[in-house]
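# Below are the sequence and a predicted model for it; my questions follow.
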Amino acid sequence: MPQSFWNDIGNQKAFLLWLHKELSNQQKEGKRKGRKAKENEKRGGGEEGVNSEFYESWYTVTTQDFLKNNGQGLLAHYAYSLSTLLSKVFPEYKWLPWKFNLTPKGYWSDAGNQKSYLEWLGKRLGYNSEEDWYKVKLKDFTENFGGTLVKRHYQGSPYFLLRKAFPEFTYHPWKFAHSSSVGSRSDLGAELVTYIEETLGIKSDSDWNRINHKQLRSVGVSSTVTKLGGLVPLLRKHRSRVQLEELSRTSES
């Protein structure tokens, strides 16, 4: 088949309709059960519109499905991006690139794409405000097509992602309900000390002497301070001028 054949949008659409029918027949015959069937149940549904079942079924189609059915030339025409191909042939449907088995190359490197995904995920999770994201878990991303985004681009930390995507809102890592949302941070201690100063009105080094565990609990950082080794070690590292001996006695109360 000449490559020019795939330049015609009509030929592209005709092939896709034929392929869909072929794959549907295979599924009915039991040849696409198991993992594919489970993924179809997971990836399909949830998008309203005419013939949504037809459109949603494309999210489970793989590159191998094209190769096995003489569609390599068509897929190559779109740099092997199924989402780009379907968006071109079926522009009437709102395609979500993250629901495909493979996202287009470089897709997650675009900040706009990351934000679009978060807006979709927030709606899916029932979030209505920036504060609602403090409830999110890493599992919420891995189970909703965002595992690659978080793990490869943000060290497995939803907190890193949210801070980058929504800079207008200040997220504090210790406020997340699940530790999996924060990940590992070398600068967390410095950020925590600054937060304590701002929320408890610490203006000078001597003000630290009045801080105790009850006050730390009141601003929701007591457990995080403990996880990082305690207040005295934190100040020894990030506020070395504070008189630690007096603070050690005060912080016990």
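Done, it's in.

# Could I get the pLDDT score of the residue nearest the centre of the chain?
Central residue check for the chain by CA atoms, centre = their mean: the C-alpha nearest the mean position is that of Gly146, 4.3 Å away. In this prediction, Gly146 carries a pLDDT score of 97.

# and the residue lying closest to Pro97 once chain neighbours are set aside, what does it touch?
Using CB to CB, 6 or more residues apart in numbering and skipping residues adjacent in sequence, the residue nearest Pro97 is Ser83, 4.4 Å away. Placement of C-beta: from N, CA and C, glycine included. By CB atoms under 8 Å, 6 or more residues apart in numbering, the residues touching Ser83 are Trp95, Pro97, Phe100, Thr103, Pro104.

# ok, 7 Å please
Contact analysis of Ser83 by CB atoms under 7 Å, 6 or more residues apart in numbering lists Trp95, Pro97, Phe100, Pro104.

# so where do the strands sit in the stretch 101-250 of the chain?
Per DSSP state E, counting those that start in this stretch, the stretch 101-250 of the chain carries no strands over any range.

# what domains does the record give for this structure?
For the chain, automatic domain parsing gives the domain ranges 3-99, 107-181, 188-250.

# Which helix runs longest in this structure?
In the chain, assigned by DSSP state H, the helix with the most residues is helix 9-28.

# which stretches of the stretch 151-253 of the chain have low pLDDT?
Within the stretch 151-253 of the chain, the ranges that satisfy pLDDT under 70 run 180, 183-186, 244-253.

# distance of the residue nearest to Pro97 from Phe54?
From Ser83 across to Phe54, the span is 16 Å (CB to CB, to the nearest Å).

# same question, Val225
Between Val225 and Phe54 the computed distance is 55 Å (CB to CB).

# ok, the contacts of Ser83 vs Val89, which is closest?
Here the nearest of the contacts of Ser83 to Val89, counting by CB to CB, is Trp95; it sits at 10.5 Å.

# What are the phi and psi values at that closest one?
Backbone geometry at Trp95, expressed as degrees, to the nearest 10, gives phi -80, psi 140.

# Can you tell me the element the residue nearest to it when sequence neighbours are not counted falls in?
Spatial nearest neighbour of Trp95, excluding adjacent residues (CB to CB, 6+ apart): Ser87 at 5.2 Å. Per DSSP states H and E: Ser87 is located in helix 82-89.

# got the CA positions of that helix in PDB?
Extracted C-alpha coordinates of helix 82-89, given in PDB (Å, rounded to 0.1, in the frame of the first residue of the first chain):
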ATOM      1  CA  LEU A  82      -2.800   7.200  18.700                       C
ATOM      2  CA  SER A  83      -4.200  10.200  20.600                       C
ATOM      3  CA  THR A  84      -3.100  12.500  17.800                       C
ATOM      4  CA  LEU A  85      -4.500  10.300  15.200                       C
ATOM      5  CA  LEU A  86      -7.900  10.000  16.800                       C
ATOM      6  CA  SER A  87      -8.100  13.700  17.600                       C
ATOM      7  CA  LYS A  88      -7.500  14.300  13.900                       C
ATOM      8  CA  VAL A  89     -10.000  11.800  12.600                       C
END
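
# mean confidence for it?
96.

# Quick check: buried residues in stretch 147-160?
Burial within stretch 147-160, assessed by neighbour count using 16 or more other CB atoms under 10 Å, is assigned to Leu149, Val150, Tyr154, Gly156, Ser157, Pro158, Tyr159, Phe160.

# scratch that, stretch 11-31
Under the neighbour-count criterion of 16+ other CB under 10 Å, stretch 11-31 has Gln12, Phe15, Leu16, Leu19, Leu23, Gln26, Gln27 buried.

# so can I have CSV of the residues you listed showing distance to Gly189?
As requested, these are exported to CSV (distance: CB to CB, whole Å):
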residue, distance to Gly189
Gln12, 56
Phe15, 58
Leu16, 54
Leu19, 55
Leu23, 54
Gln26, 56
Gln27, 54
